[in-house]
Structures are given as C-alpha cells and as structure tokens.
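Student: Fold the following.
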Amino acid sequence: MASVASETGDDKVTINEQRAKRRREMARSANDVRSRLGTPENWYTSFDLERQHLFADTRINAAYAVPLLALIVAAISVLWINPLFIGAWFTATLCTHFMMVITSHSYEKGPSDQKARIYWRRRFAFGDFVYGCSWASFFLLPQTSESGDGFVIFHFATLLIVVAMNTMQSATLPKCLLASTLPMTLIVTVSFLQQVNPIHYTLAAMAIGAQGFFLILGNQLLKNANTMLEYRADKDHLIAELETANAMSDEARRRAEAANLAKSRFLATMSHELRTPLNAILGFSEIMKDEVLGKMHNKNYQSYAEDIHGSGQHLLNLINEILDLSRIEAGRHELHEEPIFLDDIVEECGTMMKVRAKAKTISLHHTHEPDLPRVWADERALRQVVLNLLSNAVKFTPVNGEVWIKVGPTSDGGQYVSIKDTGPGIPEDEIPTVLEAFGQGSHAIKTAEPGTGLGLSIVQALINMHDGKFSLKSRPGEGTEVIVTLPRARIMNYSPDVIWVDPNDKDSGVPSGKARSA
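Tutor: From the prediction side, this is the model:
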C-alpha cells in the first residue's frame, strides 16, 4: 500500500510539473506574440506555403479575366496585323494561361510538404516564363502595312496593361513576377531601340522605367501580403491560446463543481452525524440546568450545565448557518414565495429581539410607513434576514444604546428595511472583510463577541435570490446602518401616488413613519 501511494504521489508530481511547464511555455509564447504585434519595425517571415496558395488562388480567380483582355488586344490588333498571326498568338496565349490555371488547381489539391513546395515553385516559375514569352511574342508579330505612331502607342499601352496585370497576379512569388514581365519588357525595349525616331527611344526608356516601377510595386505588394499573413498567424495563435485557456478553465470549473458537490455531501452527512448527539446534549443539559428531576445542590454543576447548553446551542446555530449558506451557494435553496406584509415580519422580529435588547438596556425604535402593500417573497427567508441584522445590531450596540428599525417604500416603487445602531462602527477598509463569509471586524475580535461571521453572507445571498439590493454604511464612532431593498417587481398592488421619503433625510418636513402623497 505504501509503495502504491508513493507511486501515485510521484505521478501527481510529474503531472503538475508538466502542467507548470506548459503554462510557462504558453506565457512565453503569448508575450512573444503580443510584443510582435506592437513592434513597429518592418520584419517579415517567408510564409512560402501561404504565398504560394495566394498565387494559385489569384491565378484561379483570374481564369476568365485574362482571356477577355487577350481577346480585346487581338481584336484591335487586326487593324495592323494579319488575322492568321493574331489567331495563332491568341490560341498560344490561351493555352499557356489555362495551363497555369490547371497547374494552380493541381497545386491546391496536392500535398504541402517541403519537397512538394519546391517542386511547385519551380513549376510556377517555368509556367509564368512561358506565359510571359507568349505575350512577348505578340510584340514580334509582323505588321501588314505602315502603321505609324498609332501602332507604337498601342504596343506601349498593351505592355503597361499586361505588366500591371502580371504584377498583381505574381506579386507573392518574386521569381514568377520577373519570369512573366521581363521577357515582354526586353522585347519591346529592343524593338523600340531599333527605330530611329526619337519617340521610340523615349518609349523604350519609359518601358524600362515602368518595369522598375512595377517591380517596386510588386515588392510592396509582397510586403503587404507578408504582413497580412503574419497578423493572421498571430491571430490564429492567440485564438489557439484562448481555446487552450478556455479548456483549462472548463476543467478547473468542473473540478470546482465536483469539489463543491463533495463539500455539500460532506456537510449533509456531517449535519446528521452532529445534530444527533447535539440534540441529546442540549436536551440533557437543559434538564440539568432547569433542575427538572430535582434540585442540584452544587451550584458549580448547575453553572457547568448552563455552559454546556449554551455552547451546544452555539454549535447548533453554527451548523445551521453553514448548511444554509452551502445550500444557497449550491443553488439548492428554494424560495417558497407568497404575499406577505414586510412591516409585520419586521415587527415580529423586533418583538423577538426585545428580550436580548432589554438585557443590555438597548432601546428599539420601530417605525414604518402606513398602508404598505404586500410583497411577493419567502416569509422564512425575510424573517431570517431581519433577525440576522437585528441580532448584529443588538450584539454590537453598547449598553444604553439605541437601534432604529424603519420600513418604507423606495423611489422606484419597491420597499426597504433599514436597521441602524449606535455601535462602535466599522472602519471603511474592514467593510469588505465583514461582508465575506466567516469575516469579522477588529471590534468583534477584540471584544470576543460570539458569532460565526456568516450572518451578513446569508443575508446578502437571500436578498440576491429576491432580486433585491444590500447596502452597508458605517463609520467608526457613528454606528452602522444596513439597508435591504426589494424591487418594484415584487410589490403587489403598486400605487404610483406614494412618494418615497429618504429614511436619512431630516429636512423632508415629514414626521417619521409617514409618507407624502402626490
């Protein structure tokens, strides 16, 4: 058994180390991606495979645009060139073009390993060279008659259009761009230089300049394509990271739910196991302290019985509060709602607390607005809310102190309960701690007031289940005020003629416990 446990422990350590290493790698990768996304420098990755895909897609998409341009050029050229020569050239150009389209289709369906990449790149370069030569042959076709400057201008315009078109198609592969445009530029330049007219020299120089310009343009298009591919790769990488983080979050949530379920089962089991002996302890200790079976002549024994009964009662209350909070957090606490009067519940709770308040000479002041409508709520839950708040107010209010309880309508048509005391108050930085489960302020710790620190957590949870609001206001030396509010949706027979009076507004001109009418 010991060896098995040791092996299990070693496996868990190994799994934890692997997860920690994976998280570190993901963090480094994420930081690297984020730093690259914010880097202004122009750095580019080759992205050979992606650029070849862009090249093939462009060729496929232009499958019908190129023949249309070649048809227009052939139709116009009939004015100066023999139609037979034009037909032969047009057929050869279409064949080379569709050869490139078929090659692109084959590439899209073929494998994408490194060897295949080099093979297809060579095929693309060779196909573009043949395609460029087919267009270059157009400028070598013999003229049927003296054409003058019109034919020269037509040649130059055709060169610019075709070179621009090939630049757009082959920009992602620089070798293919040179292979498809350079033959045309060289043929046209040489043919222009063979003429003696100055216009031909000018057009030859412009052809060379245009070739350089389109090469620069192609290089810029290549950079833009690389930038687009880089950002796409970074986005895909971040999406993959988010999916991984989401999967890890789902796994953590599943484990948390499993742990919460195990906790609920444990509390349910322990509540039964603890309540059974506690009931016996409380029952026997109560019989002993009340001397039901006869006088207890030793006063110390009677004091011990009272202490046992008080401790058992405290422990039972603690168990009940823990179970209530666990049921609420697990979503298993069901509200049994019905029409009730909120001020009646508050008045009953105030009556129940009078004994404890009288023991400390604390004055309870209860005021409420007249003719408040009923609310749709769980009577037991609201009673628990008010009792918890009143218990806290009486507990932390010093001797001869005061506690004010107010019930009234809110500005949006709901109803509120305000409980304010003259206790020592809570420092502002301790309020979040007090509102947490098992949280206690410094005053409660110093005075060793009995309590579990679950009262306010249960109050907040129950009010949230009623879609209400909870607020706590406190300052050292000025006391504490807690206000719980039920929304208008839970008010029955709501009357818009009732106008809310702020319970803290002393200048409203309305006596306490009254409401103004519109």
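
Student: Give me the distance from the helix ranked longest in the chain to the chain's centre.
Tutor: Longest helix in the chain, counting residues (DSSP state H): helix 198-289. Mean-position distance between helix 198-289 and its chain equals 9 Å (Cα atoms, centre = their mean, to the nearest Å).

Student: Next: stretch 341-354.
Tutor: With Cα atoms, centre = their mean, you get 44 Å for stretch 341-354.

Student: Using PDB, write out every CA atom in that stretch.
Tutor: What follows is stretch 341-354 as a C-alpha-only set of coordinates in PDB (Å, rounded to 0.1, in the frame of the first residue of the first chain):
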ATOM      1  CA  PHE A 341     -46.600  42.200   4.700                       C
ATOM      2  CA  LEU A 342     -42.900  43.200   5.200                       C
ATOM      3  CA  ASP A 343     -43.600  45.500   8.100                       C
ATOM      4  CA  ASP A 344     -45.400  42.700  10.000                       C
ATOM      5  CA  ILE A 345     -42.400  40.400   9.700                       C
ATOM      6  CA  VAL A 346     -40.100  43.200  10.900                       C
ATOM      7  CA  GLU A 347     -42.400  43.900  13.900                       C
ATOM      8  CA  GLU A 348     -42.400  40.200  14.800                       C
ATOM      9  CA  CYS A 349     -38.600  40.100  14.600                       C
ATOM     10  CA  GLY A 350     -38.300  43.200  16.800                       C
ATOM     11  CA  THR A 351     -40.600  41.600  19.400                       C
ATOM     12  CA  MET A 352     -38.400  38.500  19.400                       C
ATOM     13  CA  MET A 353     -35.300  40.700  20.000                       C
ATOM     14  CA  LYS A 354     -36.700  42.700  22.800                       C
END
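
Student: which other residues reach that stretch?
Tutor: 364, 366, 368-369, 372, 374-375, 377, 379, 382-383, 386-387, 390-391, 394, 405, 407, 415, 417, 486 (Cβ atoms under 8 Å, 6 or more residues apart in numbering). (Each C-beta comes from the backbone N, C-alpha and C, glycine too.)

Student: switch to 6 Å and redo it
Tutor: With contacts defined as Cβ atoms under 6 Å, 6 or more residues apart in numbering, stretch 341-354 is touched by 364, 366, 368, 372, 374-375, 382-383, 386-387, 390, 394, 405, 407, 415, 417.

Student: Show me which parts of that stretch are buried, residue by residue.
Tutor: The neighbour-count check on stretch 341-354 (16 or more other Cβ atoms under 10 Å) flags Phe341, Leu342, Asp343, Ile345, Val346, Glu347, Cys349, Gly350, Met353 as buried.

Student: circling back: in strands only, show me the contacts of stretch 341-354.
Tutor: Using DSSP state E, the members of those that fall in strands are Leu364, His366, His368, Val375, Ile405, Val407, Gln415, Val417.

Student: would a markdown table of those with neighbour count and pLDDT be doable?
Tutor: Output for these, formatted as a markdown table (neighbours: other Cβ atoms under 10 Å; pLDDT from 0 to 100):
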| residue | neighbour count | pLDDT |
| --- | --- | --- |
| Leu364 | 18 | 86 |
| His366 | 16 | 85 |
| His368 | 20 | 82 |
| Val375 | 24 | 88 |
| Ile405 | 23 | 89 |
| Val407 | 23 | 90 |
| Gln415 | 27 | 89 |
| Val417 | 27 | 90 |
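
Student: Could you dump the residues you listed into CSV with distance to Ile81 added?
Tutor: As requested, the ones in strands among the contacts of stretch 341-354 are arranged in CSV below (distance: Cβ to Cβ, whole Å):
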residue, distance to Ile81
Leu364, 112
His366, 110
His368, 105
Val375, 96
Ile405, 106
Val407, 102
Gln415, 96
Val417, 99
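
Student: Mind picking the two most distant members of these?
Tutor: Leu364 and Val375 (22.5 Å; Cβ to Cβ).

Student: and Ile483, that one's in a strand?
Tutor: Yes - under DSSP: H, G, I helix; E, B strand; the rest coil, Ile483 sits within a strand.

Student: Which residues are in contact with it?
Tutor: Shown in contact with Ile483 (Cβ under 6 Å, 6+ apart): Tyr416, Ser418, Ser471.

Student: cool, and Ile161?
Tutor: Ile161 neighbours (Cβ under 6 Å, 6+ apart): none.

Student: Next, it: phi, psi?
Tutor: For Ile161, the backbone dihedrals are phi -70, psi -50 (criterion: degrees, to the nearest 10).

Student: Please report the distance of it from His155.
Tutor: Ile161 is 11 Å from His155, where distance means Cβ to Cβ, to the nearest Å.

Student: do the same with Ile431
Tutor: From Ile431 to His155 the distance is 86 Å (Cβ to Cβ).

Student: Have a look at those two and say which one is more surrounded.
Tutor: Set side by side, Ile431 and His155 show more neighbours around His155, with 20 against 15, by other Cβ atoms under 10 Å.

Student: element containing the more buried one, please.
Tutor: Using DSSP states H and E, His155 sits in helix 149-170.

Student: Enumerate the positions of the very next helix or strand once past that helix that are buried.
Tutor: Proceeding N to C from helix 149-170, the next assigned helix or strand is helix 174-193, under DSSP H and E. Neighbour counts over helix 174-193 (16+ other Cβ under 10 Å) mark 176-189, 191-192 as buried.

Student: low-scoring stretches of this structure, by residue?
Tutor: Residue ranges of the chain with pLDDT under 70: 1-46, 111-117, 145-149, 264, 267-272, 324-333, 437-453, 493-518.

Student: Next, count neighbours for Thr227.
Tutor: 14.

Student: And it, how close does it get to Phe90?
Tutor: The spacing between Thr227 and Phe90, counted by Cβ to Cβ, is 38 Å.

Student: Then Arg380?
Tutor: Per Cβ to Cβ, Arg380 is found 92 Å from Phe90.

Student: show me what contacts Lys100?
Tutor: Small correction: residue 100 is Met, not Lys. Neighbour list for Met100: Arg59, Gly127, Tyr131 [criterion: Cβ under 6 Å, 6+ apart].

Student: quick one, what contacts the second one?
Tutor: Which is Gly127. Taking Cβ under 6 Å, 6+ apart, one finds Met100, Thr103 in contact with Gly127.

Student: Does it belong to a helix, a strand or coil?
Tutor: helix.

Student: Gly413 belongs to a helix, doesn't it?
Tutor: No - Gly413: not assigned to a helix; according to three-state DSSP it is coil.

Student: Go ahead and confirm it touches Pro487.
Tutor: No - at 8.3 Å, Gly413 does not count as touching Pro487 under the criterion of Cβ atoms under 6 Å.

Student: Can you classify Thr361 by secondary structure?
Tutor: Following three-state DSSP, the label given to Thr361 is coil.

Student: Wasn't Gln460 part of a helix?
Tutor: Yes - assigned with three-state DSSP, Gln460 falls within a helix.

Student: in the stretch 301-450 of the chain, which spans are strands?
Tutor: Along the stretch 301-450 of the chain, counting by DSSP state E, counting those that start in this stretch, strands occupy 337-340, 363-368, 375-378, 402-409, 415-421.

Student: Pick the most deeply packed of those.
Tutor: Burial of the strands of the stretch 301-450 of the chain is given as mean neighbour count (mean count of other Cβ atoms under 10 Å); strand 415-421 ranks first at a mean of 24.

Student: Check which helices and strands that strand sits against.
Tutor: helix 379-396, strand 402-409, strand 479-486 (3 or more Cβ pairs under 6 Å, 6 or more residues apart in numbering; DSSP states H and E).

Student: 7 Å instead?
Tutor: Helices and strands touching strand 415-421, by 3 or more Cβ pairs under 7 Å, 6 or more residues apart in numbering; DSSP states H and E, are helix 342-359, helix 379-396, strand 402-409, strand 479-486.
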